[in-house]
Every structure is written in structure tokens, then in C-alpha cells.
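*Asks:* Build me a model:
(2 chains)
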Amino acid sequence: MASSTKASVPAIPVVLTLAHRELVRFFRQRNRVIGALVQPIMFWGLFSLGLRSNDLGFEFFFPGTIAMILLFTAIFATISIIEDRREGFLQSVLVAPAPRWAMVMGKILGGSAIALLQALMFLALGSVTLGMPGTPLDIVLSIVLMTVIAIALTGLGFFLAWRMESTQGFHAIMSVFLFPMWLLSGSLFPDDPKSWITFISRVNPLTYGVAGLRHYLHFGDASIVKALPSLPVCWVVSLAFAALMIVLSWRIAATRTTGDLL
Amino acid sequence: MPADPAIEIDACTHRYGARTAIDNLSLSIEQREIFIFLGPNGSGKTTLFRVLSTLIPLQAGKISILGNDLSQSPNEIRGKLGVVFQAPSLDKKLTVTENLAHQGKLYGLVGIELRARIEQMLSAVGIADRADDLTETLSGGMRRRVELAKGLLHRPQLLILDEPSTGLDPGARSDLWKYLHQIRESDGVTIVLTTHLLEEADRADRIAIMHNGKLAALDTPAALQASVGGDAITIRTARPAELSEAIRAKFDCDTTVVDGTVRLEQPDGHQWIARLVEAFPAEIETITLGKPTLEDVFIDRTGHRFWKEMTESNGK
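*Replies:* Numbers count the residues shown, from 1 in each chain, chains lettered A, B, ... in the order given. Next up is the predicted model:
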């Protein structure tokens, strides 16, 4: 009989189709769309108003809120791998001849695209309410940096979620690891060389993403940028973070878990 | 020229920790065959299905599928293999067509070819009118049909299905079997499936009866039934062990005690009934005569009752 299937399947359509699936699923679940945007905007408003006495306002919390949107959207997008496994979708992907790395990249790029879209909506909101946060070039570069951060964070989510059997387990990781990671990224506390928080935040790769965004999106107030890591350092660390997370995700996806056995 | 066997299993063993799920299994399945692995839950057939589907790695032994070694070149095999899982594998938030489109791309189908193939499969399994509905809105039986369309989308040479009849009503089950026979005729597809349903097993060309990870019997349904040796006589009695002994002593024949009944297989069963009732009028409560079924084959080869076995393994 005529079999048109070759041993190796073209990878790019696989990456695109799986990424597309993430987007379609996301927009079909309206509560996810709303939740991912409303919560950060709420936090942005609360922090900005609540900490006004410390001379920190909407402008200060803007880059950190973008980081929060990227973090939570990215993470929620990738923990869907746990649902994929439990609902059985994953098993048919695992027995398909498509390369495993294409499956990983489809998931990561799909999640990153969702995160980036949300961040762009927030960027638009900020530009409308506070004025342009930087020059047009700054804004373009900040979007590229957001993409890199989104990829790094979806990769992190994939890596953490791959071996988990339930989303409940993921909530624990969320509160003891991911949320502190955001708190200690310079999003919430201004950089202060004497503070131990700044010291800890220097080993947090997300710090460099937030610092990079501050360089680009400072609403004309260059003073908050002074003590931050320099832009080249921000780019190198963020790119390395993203590359490392992709590699880790790809490596862990080669392992099998008992959760595959439905 | 004889083609490669569809599946050749040689001394395959699979363990989950200390438990042996497949125990030194060897058998061969020819191309274009419709082949059933029949066994109660826990007999090892689902583990075997997972190994054959490339979902879990082969631990020991050698398996070759359509001429490719399973351990060496799983990707060659994946392209030629259609898999229908027992657990649902559809994305409920996507439409039927979207599910199939993703599946097609995972198997290298794109563009016009993919669209044409999706249409063709949807009408083949009779759900073309639901193509744009979310799969979560479909009934269980319809979802199974989408699963089948999904498994066949890339024209596999070998289709493996794990418990495909589970959850189907008798009409849908009959449709499924008609369709499986039809694609075997039209496309020459080899079909291998697992089931715990005795009543559907005789629709296969050959049956492998699995018990405790081992092959208990392997033959055509007719040959298996003939192998039991005539008619099956079942006697219900208060003291089966004693009656069994007594029958053996008096008639010098084989008897077995299964689940509180005495069983014997003999040609000309009707004459045996007269003999037995005359010899033990007080002991026999009821006595029944039947043509041997696959359950009799299972009991004959394993010394266990099929459904009892199932309850026990479920309880574990």
C-alpha cells in the first residue's frame, strides 16, 4: 500500500501547529485571558498607590508589572503540559514520529506568544495612561527583551511541570519559588546596594530581565536606572537564561514519567 | 515473496518494579491479520500495547515491527503505526477538524493533502457533520470515532487499538468491527487490538489469550474452541471437590473444579449428562451442557475463571 509517511517528519509545521494550539486554547478560555491581565493591573495599582509615600509610583512599578505578566502567563501556559498529560492529548504526541524537540519548542513558543501578547496589551495601557515610557527604539528593544524573558520563563515552567502529575503540586512551587522569584527581581523593591535583598536578587536571572526593561521603559526618569546592572549584562544574562531553560526542557522531555500511563 | 511480519515479538519481558507484567512473551503477527490480545485486566496486554506503541521502552527481548527493530529505530515504526489509546487523547477545547489537523502535522501531513485526508476520514467514520464542533460537545461514541479517524489519518500500515470497544454500545461496537474489516480489505492494514470482551474476540483472525503476562493460547477462534474437546458440561453441587473426585474415579476422565462448579469437556456431551445424572442423582443440583466458548478455552488453559480473574486483579 502507498504510505506517504517518511521516517522523519518536518519539524517546523510541528512547532507551529503546537504553538498555534496553545494560542487557540488560551483564547477559548476567557477566564484565563482576563485573569492573566486583571491581576497584574490590580497589583500595579495597589503597589503604586500604597507605596506612594516611599516615592515609588506607577512608573516605578511598570517594568516589574510587565515581568509579573510575563512570569504568570508563561508559567500558566506551560503547566498546561500537566493537563495535556492527564487529558491524554500528550500520549498521541509522544507516539508520533515528530521530533521531541519540536514538541518542546511548540509548547514554549506558544506559551511565550501568549505571555508576550498580554505584556503588549499592558505596554499599550501604560503608554496611554502615563505617556510613552521611552523612545520608539527603546520600546522596540524592550519588546525583543520581553520575548527573550517570556521564552526563558515558559522554559522554566515546562521544566518544572514535565514531571508533575497534578496542578496542585505546581501551586506549591508557585508560592515558594516563583512568586519569591518575582519579589526578588527588583520589580518591587528599588535597587539599594546596602540591602541584602539586592544582594540576593543579583543571583536571580529575572533581575536582569527587569533591569533591562527599566533601562528601556523609565518614563524619562533615568535616576532609577543608575544602580542597575548595565544593559549588555542584562541582555547576556537574559539570553543565557532562555538558552539554558530551552536546553533543560528539551533534556527533561526525553525522560518518561509514570503519568504517561493513563 | 513473503513480507516481513507486521509484528514479531521475541522473548519480551517487562517489569514494573518487582511485578512482572509481561513474562518472556514470543509470537508473530502477519501483515493484513486482525489479531486480538484477549485477557482479563492485569494480564499484561495493556503493557504490551504501550511497548508496541513506542510509549514505553522495551526492557528485555526483541520486537520488530514491519521489519524495523523497536529499540533501534522507533521513529521509522512511529510513521507506519496508527495508535488508538484506551484513554481519550482528544483536545476537548478544539474542534474535531482542529484535532485532526494537529495530528496530521505530527505525522508530516500538510496543506491540501492534509485537508483532503481529514475530510475523507471524517466521512469514513461518519462524523463529517460534526467537523466544526468542539470535541467536548460530542458523545462518548462519537469521540471514539474521532479517535479512530485520528489513528488512521496518516494511512498507517499497522493499526493498534487498546480496548477500543470499551464504552461503546453494541451497535457502535458492531460498526467499529465492520469498519476494521473494511479497512483491512481496502488498505491492507494490519489490525492488532486488545480486549477483555470474550464476546467480540471471535471476530479476529487469530486470538492470543494472555494470562499473568504469558501466552496461554494462540490460534484462530474456531481452532481454540475445537481444542477444548467436545462439549462443556458444568455441574453445580454442594460439594464440588468430592463430586469431582467421584466422577474421576467412576468414569476415569478429567474434571476440574472452577468456582464451586465441576467441569468436564467430553465429546457427545448429551450422553454424558444421562450417565452423570444416573450415577450421582443426589449430588447434582443443576447440570448444563454447552458448546465450548472462549471462556471455556481460557478456563481450560489457565485453570481460572475469566471474570473472577478480572475481579481479583481489579481489587489489587
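
*Asks:* So for stretch A:236-255, mean pLDDT?
*Replies:* Computed over stretch A:236-255, the mean pLDDT rounds to 93.

*Asks:* Pull out the buried positions in stretch B:136-148.
*Replies:* B:Leu138, B:Gly141, B:Met142, B:Arg143, B:Arg144, B:Arg145, B:Val146, B:Glu147, B:Leu148 (16 or more other CB atoms under 10 Å in any protein chain shown). In short, each C-beta sits where N, CA and C put it, glycine included.

*Asks:* For B:Glu309, report the pLDDT, please.
*Replies:* So, for B:Glu309, pLDDT stands at 53.

*Asks:* can I assume A:Arg163 sits in a strand?
*Replies:* No. Applying DSSP: H, G, I helix; E, B strand; the rest coil, one finds A:Arg163 to be coil, outside a strand.

*Asks:* that older thread, which of the buried residues of stretch B:136-148 lies closest to chain A?
*Replies:* B:Glu147 (8.9 Å; CB to the nearest CB).

*Asks:* Excluding residues flanking it in the chain, which one is nearest A:Met132?
*Replies:* A:Ile139 (7.4 Å; CB to CB, 6 or more residues apart in numbering or on different chains).

*Asks:* any idea how far the one you found lies from A:His218?
*Replies:* Counting by CB to CB, to the nearest Å, the gap from A:Ile139 to A:His218 is 12 Å.

*Asks:* what residues do these two have in common as contacts?
*Replies:* A:Pro133 (CB atoms under 8 Å, 6 or more residues apart in numbering or on different chains).

*Asks:* Name the strands paired with the helix or strand where B:Gly82 lies and say parallel or antiparallel.
*Replies:* In this assignment (DSSP states H and E), B:Gly82 forms part of strand B:81-84. If you go by DSSP bridges, strand B:81-84 pairs up with strand B:158-162 (parallel).

*Asks:* Report the buried residues of the partner strand.
*Replies:* Result for strand B:158-162 [16+ other CB under 10 Å]: buried residues B:Leu158, B:Leu159, B:Ile160, B:Leu161, B:Asp162.

*Asks:* Show me which pair in those is furthest apart.
*Replies:* Largest separation among these by CB to CB: B:Leu158 and B:Asp162, giving 13.9 Å.

*Asks:* Now do the helices in chain B.
*Replies:* B:45-52, B:74-80, B:96-106, B:111-124, B:140-152, B:170-187, B:198-201, B:221-227, B:240-251, B:269-279, B:294-302, B:306-315 (DSSP state H).

*Asks:* ok, A:Leu153 to chain B distance?
*Replies:* Noted for A:Leu153: a distance of 23 Å to chain B, by CB to the nearest CB, to the nearest Å.

*Asks:* can you tell me the helix or strand for that residue?
*Replies:* helix A:136-161.

*Asks:* do A:Ile12 as well
*Replies:* helix A:11-28.

*Asks:* Make CSV out of the buried residues of stretch B:136-148 and add distance to B:Leu70.
*Replies:* Compiled in CSV, those are given as follows (distance: CB to CB, whole Å):
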residue, distance to B:Leu70
B:Leu138, 34
B:Gly141, 32
B:Met142, 33
B:Arg143, 29
B:Arg144, 27
B:Arg145, 29
B:Val146, 28
B:Glu147, 23
B:Leu148, 24
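
*Asks:* May I ask you to name the longest helix in chain A?
*Replies:* helix A:100-130.

*Asks:* Kindly calculate the angle that it makes with helix A:136-161.
*Replies:* Counting by axes from the mean of the first three to the mean of the last three CA atoms, to 10 degrees, helix A:100-130 points 140 degrees away from the direction of helix A:136-161.

*Asks:* same for helix A:100-130, what does it pack against?
*Replies:* helix A:11-28, helix A:30-50, helix A:58-78, helix A:136-161, helix A:231-253 (3 or more CB pairs under 8 Å, 6 or more residues apart in numbering or on different chains; DSSP states H and E).

*Asks:* just for the chain, where's the confidence low?
*Replies:* I went with chain A, as the question did not name one. A:1-7, A:257-262 (pLDDT under 70).

*Asks:* not quite, I wanted chain B
*Replies:* For chain B, the ranges with pLDDT under 70 are B:1-2, B:229, B:306-316.

*Asks:* change it to 80
*Replies:* Chain B contains residues with pLDDT under 80 at B:1-3, B:167, B:198-199, B:202, B:226-230, B:259, B:290-296, B:299-316.

*Asks:* Let me see the domain layout of it.
*Replies:* According to automatic domain parsing, chain B comprises the domains B:7-224, B:229-291.

*Asks:* Now distance to A:Arg32 too, for those, in a markdown table please.
*Replies:* Converted to a markdown table, these look like this (distance: least, CB to CB, whole Å):
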| stretch | distance to A:Arg32 |
| --- | --- |
| domain B:7-224 | 11 |
| domain B:229-291 | 54 |
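
*Asks:* Most tightly packed of these?
*Replies:* domain B:7-224 (a mean of 19; mean count of other CB atoms under 10 Å in any protein chain shown).

*Asks:* In the stretch 101-250 of chain A, what residue comes closest to chain B?
*Replies:* For the stretch 101-250 of chain A, CB to the nearest CB, closest residue to chain B: A:Met103, 8.4 Å.

*Asks:* what's the burial count for that residue?
*Replies:* As a burial measure, A:Met103 scores 22 neighbours (other CB atoms under 10 Å in any protein chain shown).

*Asks:* how about it, what does it touch?
*Replies:* Counting by CB under 8 Å, 6+ apart, A:Met103 has contacts A:Val14, A:Leu18, A:Val93, A:Ala253.
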